[in-house]
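Asker: Structure of the sequence below:
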Amino acid sequence: MSMLSLLQGYEYLGFTRKDGKTIYREWAPGAKAAALIGDFNGWEPYWMNKDEWGVWSIELPDKEDGTPQIPHNSRVKIRLQSWGDWWCDRVPAWIKYATIPEGEMGAKYNGVYWDPPRGEKHLWRNRRPKRPQSLRIYEAHVGMSGEDEKVSTYAEFRDNVLPRIAKQGYTAIQLMAIQEHAYYASFGYHVTNPFAVSSRSGTPEELKSLVDAAHGLGLVVLLDVVHSHISSNADDGLAGFDLGQGQEANYFRSGEAGYHKLWDSRCLNYGHWEVQRYLLSNLRYWLEEFQFDGFRFDGVTSMLYQHHGINTAFSGHYHEYFGPQADVDACVYLMMANEVIHETHPDAITIAEDVSGMPTLCRPVQEGGLGFDYRLNMAIPDTWIRLLKEVRDEDWGMMDLVNALCNRRYTEKTVAYAESHDQALVGDKTIAMWLFDAEMYTNMSTLNEATAVTERGMSLHKMIRMVTMALGGEGWLNFMGNEFGHPEWLDFPREGNEWSHKHCRRQWSLVDTDHMRYCQLNAWDKAMMELDDKYKFLSSPTQWVTHIDQEQQVLVAERGPLIFVFNWHPHQDYEGLKVAAPEPGKYVVAMDSDGFCFGGHGRIHWDAEHFTTPAEEGKFNERDQYFQVLAPSRTVVAYVKAPENNQSHHQQHQQQQQQYTTSSSSTGNEQWGTRPEH
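Answerer: Below is the predicted model:
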């Protein structure tokens, strides 16, 4: 079988239209008999024929009036007889849409035949944006993206949330929980129907409209794709096609190898060409039919090893990666997947969620790598939670912090993040929750005088995000709401909380109220994005930590053209702190966390000019010169070498402060539109 035919699976299998016929094909070699049932035939079986490869098929000629026998948006299933002579009804494996009856608790999913008439199909308005030079990802979950206590829709996200993301300065959106999943509280990671759009938030056409609108705002859209396992829910999903047959005729591996004991899910049979066709076609489907611009692959560590990374600590030694524990079939599949994605859409972006540090994960397939563009630096959020939970501020190890941020494989790009959706889930805490604790509910108004807890929380929240972005990788990721320190946790509706949506939403009104400190944290996040826009430090290969002082709790680091000065000390200011400079000349402030608009005290003077002095003994922290600055406690200040004409620098700063003050209170609810063509 050629690579091209592997990519074209969704154009042959499942439901297709050709020459006035509706054709349905399904690979189900474990079945003794198969029939198509649905609304169109009163759920009476239309028997199917099986070929030598285990593919069942049926052709349904159009009615005399020229309309298809199966109407658009009608329910369908396949009825299967196992070799043990028991019968079951299953949702078709290649189904594009699946729904449950409204208001019926515990109801089973039905496949839905989706082929809208011309007038109801989405017409694409915008071209894909080019791959951004700086990858700044906004991780979002559509269902919980609204403030009302309900599941939000694709249309609501398009109209209300997309403008916020674009205005904030992000360049990419990573959409979670798009592939259909019967269990909402799985966060979308227990996928039942990989080709189907999650029906809780709307239809396939409405999702296309969302992606199109994002492109119109200049945002690339990444799909959080789950190919690492499949929900074990046989009634509603792909797992139902395991009728007890061996893995040579199965989507899944046999025995223990086919079951993920930690996730209670099924492990795919990556070595089988039908499974490869299914998964590779799935990627092409999302790229071409929905115009996604790439993927974040979930659970890659589980795929790379036979042990799935369970109870395994990785120290970085090569014997931990290369040996009998390596899952060669899965590794080859990932190489094929990355080749397919980048050949289909050369500007596509692929990101691996891997905690093991697998070498060559992000090197080209031609070099023997697995072909990903980025990996997530999953150790960083663990480091922050450990520090906040277990270590006093004055005991934070500066060298340990730098090691955690900079520990990544040379020439393999990394997406850094201080926290993601994982830390927001019930049972864990976000950084803001660790910092502010109960004062998130009592003292986040600027109309009240800040307490010591609030002062610390505001300062460290800004510093933690900035140092992670500056030193943690070549990309940045933020989970929806964390940019402004969203209070409380995420808890999906379930029996234990009486099916409440109270904690499964985002309270945008907090950041839209200009006297709330959330508004100031949001302004800082926007300033970080604008700083990268202006100086391109995130994508710069230049990174050098020039000064680590444990006693003073000071870090100085160069990234791109910027020099960051971090003073982590709880109460000590440093006047005249020496800062190594890569070039002689005049340095000025590019951004500081102590600005009034960010909830600071305004101790940094933007009109100050810092001229370099030659190092007394030839070198200062490996540089030939240094300049001196004020470093207030718990602040970060970014400096840049001043251009020749720097007369308007202070004026620009005043305009910037005014901009953050006025724009923070804007809701960002502008109607989405078309991005101008360049």
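
Asker: Give me the below-cutoff pLDDT ranges for the stretch 401-550 of the chain.
Answerer: 426-427 (pLDDT under 70).

Asker: sorry, that was for the stretch 1-150 of the chain
Answerer: By pLDDT under 70, the weakly predicted segments of the stretch 1-150 of the chain are 1-5.

Asker: all helices for it, in order.
Answerer: Along the stretch 1-150 of the chain, counting by DSSP state H, counting those that start in this stretch, helices occupy 3-7.

Asker: Repeat that for the stretch 451-600 of the chain.
Answerer: In the stretch 451-600 of the chain, the helices defined using DSSP H, counting those that start in this stretch lie at 452-471, 508-512, 517-535.

Asker: Tell me which of those helices sits nearest to Ile178.
Answerer: Counting by Cβ to Cβ, Ile178 lies closest to helix 508-512 out of these; the figure is 21.5 Å. (C-beta placed from N, C-alpha, C; glycine too.)

Asker: Now do the buried residues in the closest one.
Answerer: Buried positions in helix 508-512, judged by neighbour count with 16 or more other Cβ atoms under 10 Å: 508, 510-512.

Asker: would TSV of these with distance to Glu575 be doable?
Answerer: Compiled in TSV, the buried residues of helix 508-512 are given as follows (distance: Cβ to Cβ, whole Å):
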residue	distance to Glu575
Trp508	41
Leu510	37
Val511	35
Asp512	39
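
Asker: Out of the residues you listed, the closest to Ala470 would be?
Answerer: Val511 (23.6 Å).

Asker: Just the closest of the buried residues of helix 508-512 to Val579, please.
Answerer: Val511 (33.6 Å).

Asker: Report the contact partners of the closest one.
Answerer: Counting by Cβ atoms under 8 Å, 6 or more residues apart in numbering, Val511 touches 484, 518-519, 522, 664.

Asker: at 7 Å instead, please
Answerer: Contacts for Val511 (Cβ atoms under 7 Å, 6 or more residues apart in numbering) come out as 484, 518-519, 522.

Asker: which pair in those spans the largest distance?
Answerer: Phe484 and Cys519 (7.2 Å).

Asker: who has more neighbours, the two?
Answerer: Phe484 (27 against 23; other Cβ atoms under 10 Å).

Asker: Distance-wise, check the more buried one relative to Ala432.
Answerer: 8 Å (Cβ to Cβ, to the nearest Å).

Asker: what do those two both touch?
Answerer: By Cβ under 7 Å, 6+ apart, no residue touches both Phe484 and Ala432.

Asker: Could you count how many residues lie near the residue lying closest to Met378 once chain neighbours are set aside?
Answerer: Here the nearest residue to Met378 in space, its sequence neighbours aside, is Val355; by Cβ to Cβ, 6 or more residues apart in numbering that works out to 4.6 Å. By other Cβ under 10 Å, 18 other residues sit near Val355.

Asker: can I assume Val355 sits in a helix?
Answerer: No. According to DSSP: H, G, I helix; E, B strand; the rest coil, Val355 belongs to no helix; its state is coil.

Asker: What residues does it make contact with?
Answerer: Applying Cβ under 7 Å, 6+ apart, we find Val355 in contact with 301, 309, 378.

Asker: Would you check that the second one makes contact with Met303?
Answerer: Going back to what we said before, that points to Gly309. No. In this structure, Gly309 is not within contact of Met303 by Cβ atoms under 7 Å, at 9.4 Å.

Asker: Neighbour count: those two, which is higher?
Answerer: Between Gly309 and Met303, counted using other Cβ under 10 Å, Met303 has the larger neighbour count: 25 against 19.

Asker: Can you give me every residue that contacts that one?
Answerer: Counted by Cβ under 7 Å, 6+ apart, Met303 has contacts 228, 327, 330, 334.

Asker: Can you name the helix or strand that it falls in?
Answerer: Assessed by DSSP states H and E, Met303 sits inside helix 300-304.

Asker: what's the next secondary structure element after that helix?
Answerer: Counting by DSSP H and E, what follows helix 300-304 is helix 328-344.

Asker: Show me the contact partners of stretch 167-174.
Answerer: So stretch 167-174 is contacted by 132, 134-140, 165, 214, 219-222, 224, 296, 483, 525-526, 529-530, 533, 668 (Cβ under 7 Å, 6+ apart).

Asker: what do you get for stretch 419-439?
Answerer: By Cβ under 7 Å, 6+ apart, the list of residues contacting stretch 419-439 from outside reads 139, 176, 187, 381, 384-385, 388-389, 418, 440, 451, 453-454, 456-457, 460-461, 464, 477, 479, 482, 485-487, 489-491.

Asker: hmm, 8 Å instead?
Answerer: For stretch 419-439, the surrounding residues in contact (Cβ under 8 Å, 6+ apart) are 139, 141, 176, 187, 381, 384-385, 388-389, 418, 440, 444, 451, 453-454, 456-457, 460-461, 464, 477, 479, 481-482, 485-491, 503, 521.
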